[in-house]
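J.: Have a look at this fold, sequence not included:
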């Protein structure tokens, strides 16, 4: 089932979101409350791990700083299941936060943790600003600039003429 969400409004500190999946259902996502900050510990791996439960990840997955690549990004190296991974940490754009959600009932989710950066990893090549994952973060900043209202002062100072 594909899930698409759109925030419709805020009521009582809770965001109300429509989830599409065969039929329309109202789902409530509570973004308040006590939650752990996972900044520096969120990773996007280039694989699918088919395990849902506790694991001693920090015992086996130990990223280390690496020599910088050609792109000037701060690189890290790690091994996962014997394979070399190269990664870099991206900070979420200003005004954005990451949330880890836990399902509390069929139509309710609660925030269990937040994060402000994410480390993404590649198998065969060093991370680059041209990677899809990195470009998606640039799009968030660009989209915000495109959708911000233009002030009269900005219009007056513009060098473009019609």
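T.: Structure's in. What do you need? If you're wondering where the values come from, they're calculated on a predicted model, not measured in any experiment.
J.: Spit out the contact partners of the residue nearest the centre of the chain.
T.: Central residue of the chain (Cα atoms, centre = their mean): residue 98, 5.5 Å from the mean position. For residue 98, the contacting residues are 42, 92, 114, 115, 116, 118, by Cβ atoms under 8 Å, 6 or more residues apart in numbering. In this view, the C-beta of every residue, glycine as well, is placed from N, C-alpha and C.
J.: now the strands for this structure?
T.: 4-11, 14-20, 24-30, 36-37, 43-44, 64-65, 75-80, 83-91, 98-105, 108-115, 117-122 (DSSP state E).
J.: And these: which comes nearest residue 145?
T.: For those, proximity to residue 145 was assessed by Cβ to Cβ; strand 83-91 is nearest, at 17.3 Å.
J.: which residues touch that closest one?
T.: Residues outside strand 83-91 that contact it (Cβ under 8 Å, 6+ apart) are 40, 43, 45-46, 63, 66, 69, 73-79, 116-123, 125-127, 133-134, 137.
J.: Give me the sheet partners of that strand and which way each runs.
T.: Applying DSSP bridges, strand 83-91 is found paired with strand 75-80 (antiparallel), strand 117-122 (antiparallel).
J.: List the buried residues in it.
T.: Neighbour-count burial for strand 83-91 flags 85, 86, 87, 88, 89, 90 (criterion: 16 or more other Cβ atoms under 10 Å).
J.: Out of the strands of the chain, point me to the one whose mean pLDDT is lowest.
T.: Among the strands of the chain, strand 4-11 has the lowest mean pLDDT, at a mean of 41.
J.: Can you give me the neighbour number for the closest residue to residue 107 other than its chain neighbours?
T.: Once flanking residues are discounted, residue 107 sits nearest to residue 27: 4.9 Å by Cβ to Cβ, 6 or more residues apart in numbering. Residue neighbour count, defined by other Cβ atoms under 10 Å, stands at 18 for residue 27.
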